[in-house]
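> make a model of this:
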Amino acid sequence: MRSGFCLGLVALIGLAFVAQGASPATGDYTWHDTPGKYFELKHGDRPVLRYMYAAFDDRSPATREATFKVYHHLFDPSGSRLVTNGPSGLYPHHRGLFFGFNKISYGDKKCDIWHGDSAHKFNTIGAYQEHVKMLAQRGGSDSGTHTALIAWHGPDRGVFAEEERTVIARHTNNGVLVDWSSKLTSKVDVPVKLDGDPQHAGFHFRADNEVNEKSKKETYYVRPDGPGNRGETRNWEPKTKKGPVNLPWDAMSFVLGDKRYTVVYLDHPANPKESRHSERDYGRMGSYFESTLTKEKPLKVRYQIWLQEGEMTVGQAGELSRRFTTQAEH
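Okay, the predicted model is just below:
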């Protein structure tokens, strides 16, 4: 990891936005494995995030649903609870921090990594992601990082692409910063078309299903053009091809338990464009793009997620974006 990125990371999360509730964490960042289930990053004794890597298991619909995608859970700044959704509740195919596409085609094959089953018309038999191995991991005093190799399986169970996913996380009194990047490389001899729609493709954040069940009327978005009303969402529409595109950032304010949180989704300008955005009041946000993958031309993307207690302004989210886009790459 380059020193320029480290300094940018420290400066970024040093911004004094809203410090509520959480007492300072002490100690180093360390990784802890629960074999066959998840790999968890802690700051001292405070959990920060989990990499969910259980082996793919299609012995039953229930086990397949639980294991067909690889994703990350995120804890709140106090480390007291997960703020992201798992394989349950409304639309369980949206979970945690996740990357995928629901319309993938190569040669005569079509598949849907997002839903991972045969219940969707674009899919034939069923695709899935599977953790292969951990390529790197590091803790220390400033942050924790890991890189995982993830196989993307098509309808014939063959691997059509491999993903190297690197996640760097750091916790402060004010919030949690996650730097998320991916390199997707084709493993087949024909072009791989990556496509989808704003709700089921790209990189997304999904809040815990409690938002859907109890507090979605309290959800609102803050965008570069200002804060929206509670319950108001904006989405790019495939039929009209109109709606939000190429936003440098988008922020969602939502309620879990007795606390309000704000999560900022930061899209790096080097990522493929046109990026088409999606917002939902039940706690999901993200964007997708169209791309073609070949062995000679892998896909590289990078995003950041900032999570804090309390509300945020346009200026605060914009400063996060400015710092993110001017950092040296890691």
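
> how many neighbouring residues does residue 162 have?
16 (other C-beta atoms under 10 Å). From N, CA and C alone the C-beta is placed, and that goes for glycine too.

> verify the stated contact: it with residue 150.
Yes. The criterion here is C-beta atoms under 8 Å, and residue 162 meets it with residue 150 at 7.0 Å.

> would you map the strands across the stretch 51-200 of the chain?
Taking DSSP state E, counting those that start in this stretch to define them, one finds strands in the stretch 51-200 of the chain at 71-74, 96-101, 103-106, 109-111, 128-138, 144-153, 159-171, 175-186, 192-195.

> which of these is buried the deepest?
Most buried of those by mean neighbour count (mean count of other C-beta atoms under 10 Å) is strand 96-101; its value is a mean of 25.

> the residue nearest the centre of the chain bridge partners, please.
The centroid of the chain falls nearest to residue 97 when counting by C-alpha atoms, centre = their mean (2.7 Å). Applying DSSP bridges to residue 97 gives these bridge partners: residue 72, residue 205.

> isn't it up against residue 82?
No. Using C-beta under 8 Å, residue 97 makes no contact with residue 82, being 11.7 Å away.

> now do the shared contacts for the two.
Both residue 97 and residue 82 are in contact with 73-74, where contact means C-beta atoms under 8 Å, 6 or more residues apart in numbering.

> distance between the top helix by length along the chain and the chain's centre?
Ordering each helix of the chain by length in residues (DSSP state H) puts helix 314-326 first. On the basis of C-alpha atoms, centre = their mean, to the nearest Å, helix 314-326 sits 18 Å off its chain's mean C-alpha point.

> equivalent analysis for stretch 279-288, please.
For stretch 279-288 - counting by C-alpha atoms, centre = their mean - the centre lies 11 Å from the chain centre.

> pull the number of nearby residues for residue 297.
Applying other C-beta under 10 Å, I find that residue 297 has 12 neighbouring residues.

> ok, now residue 269?
The burial count for residue 269: 12, using other C-beta under 10 Å.

> quick one: it and residue 248 touch, right?
Yes. With contact defined as C-beta under 8 Å, residue 269 counts as touching residue 248 (7.1 Å).

> mutual contacts of the two, please.
residue 325.

> can you check what angle separates the longest helix of the chain from strand 175-186?
40 degrees (axes from the mean of the first three to the mean of the last three C-alpha atoms, to 10 degrees).

> need the CA coordinates for helix 314-326. PDB is fine.
Taking C-alpha atoms only, helix 314-326 is exported to PDB below (Å, rounded to 0.1, in the frame of the first residue of the first chain):
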ATOM      1  CA  VAL A 314     -23.700  18.300   1.400                       C
ATOM      2  CA  GLY A 315     -20.400  20.000   2.300                       C
ATOM      3  CA  GLN A 316     -19.200  17.200   4.500                       C
ATOM      4  CA  ALA A 317     -20.000  14.500   2.000                       C
ATOM      5  CA  GLY A 318     -18.400  16.600  -0.800                       C
ATOM      6  CA  GLU A 319     -15.200  16.900   1.200                       C
ATOM      7  CA  LEU A 320     -15.000  13.100   1.600                       C
ATOM      8  CA  SER A 321     -15.400  12.800  -2.200                       C
ATOM      9  CA  ARG A 322     -12.700  15.400  -2.900                       C
ATOM     10  CA  ARG A 323     -10.200  13.700  -0.600                       C
ATOM     11  CA  PHE A 324     -11.000  10.300  -2.100                       C
ATOM     12  CA  THR A 325     -10.600  11.300  -5.700                       C
ATOM     13  CA  THR A 326      -7.300  13.100  -5.100                       C
END
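
> so how far is residue 217 from residue 192?
To residue 217, residue 192 is 41 Å away according to C-beta to C-beta, to the nearest Å.

> actually residue 255, not the one I wrote
9 Å.

> compare these two (neighbour count), which wins?
Comparing residue 255 with residue 217 by other C-beta under 10 Å, the one with more neighbours is residue 255, at 18 against 10.

> below-threshold pLDDT in the chain: ranges please.
For the chain, residues meeting the criterion pLDDT under 70 lie at 1-25, 117-125, 328-330.
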